[in-house]
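Q: Task: produce atomic coordinates for the following.
(one chain, ligands or ions: 2)
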Amino acid sequence: MDLEAEIRALQLDSADENNGVVIPEDHNSDEVENLDKAPEEDLKDEVQESVPVPDEQQASEDHDEVMLHPVHNPAKAKEKAAQDKAAKEEAEDEAEANKKRHLNVVFIGHVDAGKSTIGGQILYLSGQVDERQIQKYEKEAKDKSRESWYMAYIMDTNEEERLKGKTVEVGRAHFETQSTRFTILDAPGHKSYVPNMISGASQADIGVLVISARKGEFETGYERGGQTREHVQLAKTLGVSKLIVVVNKMDDPTVNWSKERYDEIEQKMVPFLKASGYNTKKDVVFLPISGLMGKNMDQRMGQNVCPWWSGPSFFEVLDSIEIPPRDPNGPFRMPIIDKFKDMGTVVMGKVESGSIREGDSLVVMPNKEHVKVVAIYCDEDKVKRAGPGENLRVRITGIEDEDILAGFVLSSIVNPVPVVTEFVAQLQILELLDNAIFTAGYKAILHIHAVVEECEIIELKSQIDLKTRKPMKKKVLFVKNGAAVVCRIQVTNSICIEKFSDFPQLGRFTLRTEGKTIAVGKVTELLSAASSA
Ligand code: GTP
Ligand code: MG
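A: Ligands and ions are numbered 1, 2, ... in the order given. Here you go, the predicted model:
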């Protein structure tokens with residue numbers, strides 16, 4: 001509806017029950033309908049802020065008020081409305097900028113290391129679980145002969161997980177320290193659920209590697225085939241740039257807060273972390289804790305608990321961890337990890353680049369469907385806008401949920417994410433099944449951000465000299481365990497990926513066969529890029 005006509009109508013008679021807006025008689029019915037359909041917010045933005053629209057109780061006084069100060073220049077009113085809207089958006093941006101920073105933290109490590117217990121303890125210590133609930137979990141755990149799992153039950157919510165004492169699905173929870181809002185992603189440690197761990201780690205900014213100090217447990221986690229190793233390598237490839245290594249179960253009778261045991265674990269872990277690509281001075285922090293007892297978690301420990309540790313508590317480390325700032329003005333990219341129907345289509349994912357605002361027009365790639373953002377939810381809250389790093393649920397119109405698959409990317413229209421069926425990558429071969437050889441024709445499952453697709457190696461381009469990190473000259477037909485190669489990879493269905501150098505989070509991947517990670521890699525070149533939307 002014509003804004004000027006609306007404003008004139010308001011000046012004539014604002015005391016109408018139609019939210020203060022009188023529709024002049026000569027208005028045609030189309031316009032009336034448009035008014036009805038106009039979202040309340042827009043109407044408020046454009047009209048209420050320039051001309052006060054009274055509610056019914058105040059109608060008569062406000063009516064006089066409006067009559068005494070009529071707006072004679074509708075163009076000015078329009079301009080003011082636009083200015084107000086811009087000011088409001090700026091204030092929202094500022095509020096967003098002043099908000100505590102947000103980090104996604106994934107808990108990784110060998111099965112039974114204590115990841116869920118620590119997650120549960122964090123929720124308890126931050127007041128999100130009360131004594132009564134703890135007692136309920138204690139009873140339930142006891143009934144299932146899993147007494148010591150009661151803290152883990154806070155995170156492990158489904159029956160199978162509680163019965164077996166093992167996380168299956170990545171658990172999610174939220175908590176805050178002084179400087180930071182955290183989303184906890186509690187990954188499963190069991191090797192059968194590595195794909196779920198990959199999905200959790202691919203959403204994370206930092207990782208907490210949980211290691212059990214209990215006699216024998218550190219050893220099985222660390223040995224070949226143990227998930228301590230596999231998780232570290234996967235986390236690094238998936239973009240988890242910082243690791244907090246918590247040496248857990250320090251209270252266990254076989255450990256009893258022993259400094260020797262702690263040092264032994266740190267000394268064994270450091271060379272391995274270095275070999276996996278972590279700078280152990282800058283990117284890794286070690287600390288001893290007891291997740292079950294809640295020691296060295298939110299508060300530092302007293303000398304009576306651990307006389308030799310004078311370092312920070314877990315929360316202090318989380319609070320002060322630094323990661324490079326993200327660019328809120330980059331092209332928008334949100335890989336979709338899940339979708340569901342709820343008053344329209346809702347997609348879930350983490351914003352990897354750029355910002356999103358209610359009302360934005362975006363495109364779902366690779367199928368190039370144009371959509372409109374109708375609502376954004378961050379944690380449990382509805383928000384007007386969100387920046388990079390946030391885990392969101394976004395309600396969109398213009399697409400059906402059945403037309404969306406995990407791995408699709410909600411993307412900027414002017415600068416959409418590339419779509420390819422072929423790319424060049426640098427690969428680090430870890431351990432091939434049955435010590436097979438790696439050659440053209442090799443098939444595996446590609447995991448890249450939320451994409452899971454079958455792929456085939458089309459050509460080995462060159463082998464990389466592990467000492468100089470440079471491509472070797474001689475032609476390569478096959479490689480074995482431990483080798484690094486540049487190769488061409490093809491997928492059957494189109495996928496949305498980026499060069500690692502442009503968007504690391506959308507350009508790192510793993511290759512798996514028969515449930516085992518056989519290689520980690522980086523995308524170096526995009527081939528057969530489909531034209532943009
Ligand atoms: P998955 O989800 O299967 O990978 O295991 P998880 O790492 O989540 O381990 P979970 O929290 O389920 O704990 C496994 C067992 O370790 C439970 O019996 C816990 O009570 C025990 N545990 C965890 N943390 C501690 C600790 O600090 N001290 C002691 N003594 N036991 C612990
Ligand atoms: Mg668990």
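
Q: do you know how far the residue of the stretch 401-533 of the chain found nearest ligand 1 is from Ile445?
A: Residue of the stretch 401-533 of the chain nearest ligand 1, by Cβ to the nearest ligand atom: Gly515 (15.9 Å). All C-beta spots, glycine's among them, are computed from the backbone N, C-alpha and C. Going from Gly515 to Ile445 by Cβ to Cβ, to the nearest Å gives 9 Å.

Q: who has more neighbours, the two?
A: Ile445 (17 against 12; other Cβ atoms under 10 Å).

Q: My read is that that one contacts Ile489, right?
A: No. Assessed by Cβ atoms under 8 Å, Ile445 is found out of contact with Ile489, at 11.8 Å.

Q: what do those two both touch?
A: Taking Cβ atoms under 8 Å, 6 or more residues apart in numbering as the criterion, Ile445 and Ile489 both touch Cys455.

Q: What segments of this protein are helices?
A: Taking DSSP state H, the helices of the chain run over residues 3-12, 29-37, 40-43, 59-68, 74-98, 115-125, 131-143, 159-164, 194-201, 217-222, 227-237, 259-275, 314-320, 504-507.

Q: Rounded mean pLDDT for the third one, please.
A: Read that as helix 40-43. Helix 40-43 shows an average pLDDT of 36 in the prediction.

Q: Count the neighbours of Lys139 for me.
A: Other residues within reach of Lys139, judged by other Cβ under 10 Å, total 11.

Q: try Asn329
A: For Asn329, the neighbour count with other Cβ under 10 Å is 10.

Q: And Gln428, by the same measure?
A: 17.

Q: so it sits right up against Leu511, yeah?
A: No. With contact taken as Cβ under 8 Å, Gln428 and Leu511 are classed as non-touching, separated by 10.1 Å.

Q: Common neighbours of these two, please.
A: Joint contacts of Gln428 and Leu511 (Cβ under 8 Å, 6+ apart) are Ala519, Val520, Gly521.

Q: how close does the second one get to ligand 2?
A: Per Cβ to the ion, to the nearest Å, Val520 is found 24 Å from ligand 2.

Q: How about the last one?
A: Using Cβ to the ion, Gly521 is found at 28 Å from ligand 2.

Q: just to revisit the earlier point, any idea which of the shared contacts of Gln428 and Leu511 has the most stuff around it?
A: Going by other Cβ under 10 Å, Ala519 tops those with 27 neighbours.

Q: Which residues are in contact with it?
A: Counting by Cβ under 8 Å, 6+ apart, Ala519 makes contact with Leu427, Gln428, Ile429, Leu430, Phe438, Ala444, Thr510, Leu511.

Q: could you redo the last one with a cut-off of 10 Å?
A: Going by Cβ atoms under 10 Å, 6 or more residues apart in numbering, Ala519 touches 237, 425, 427-432, 438, 442, 444, 446, 457, 481, 483-485, 487, 509-513.

Q: follow-up on the earlier one: filter the shared contacts of Gln428 and Leu511 by proximity to ligand 1?
A: Among the shared contacts of Gln428 and Leu511, no residue sits close to ligand 1 (Cβ under 6 Å from any ligand atom).

Q: In CSV: those, plus pLDDT.
A: CSV is the format used below for the shared contacts of Gln428 and Leu511 (pLDDT from 0 to 100):
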residue, pLDDT
Ala519, 90
Val520, 86
Gly521, 90
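
Q: can you put those in JSON lines and add distance to Val208?
A: As requested, the shared contacts of Gln428 and Leu511 are arranged in JSON lines below (distance: Cβ to Cβ, whole Å):
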{"residue": "Ala519", "distance to Val208": "25"}
{"residue": "Val520", "distance to Val208": "20"}
{"residue": "Gly521", "distance to Val208": "25"}
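
Q: Need the overlap of contacts for Gly515 and Ile445.
A: Any residue near both Gly515 and Ile445 by Cβ under 10 Å, 6+ apart counts here, and that gives Pro195.
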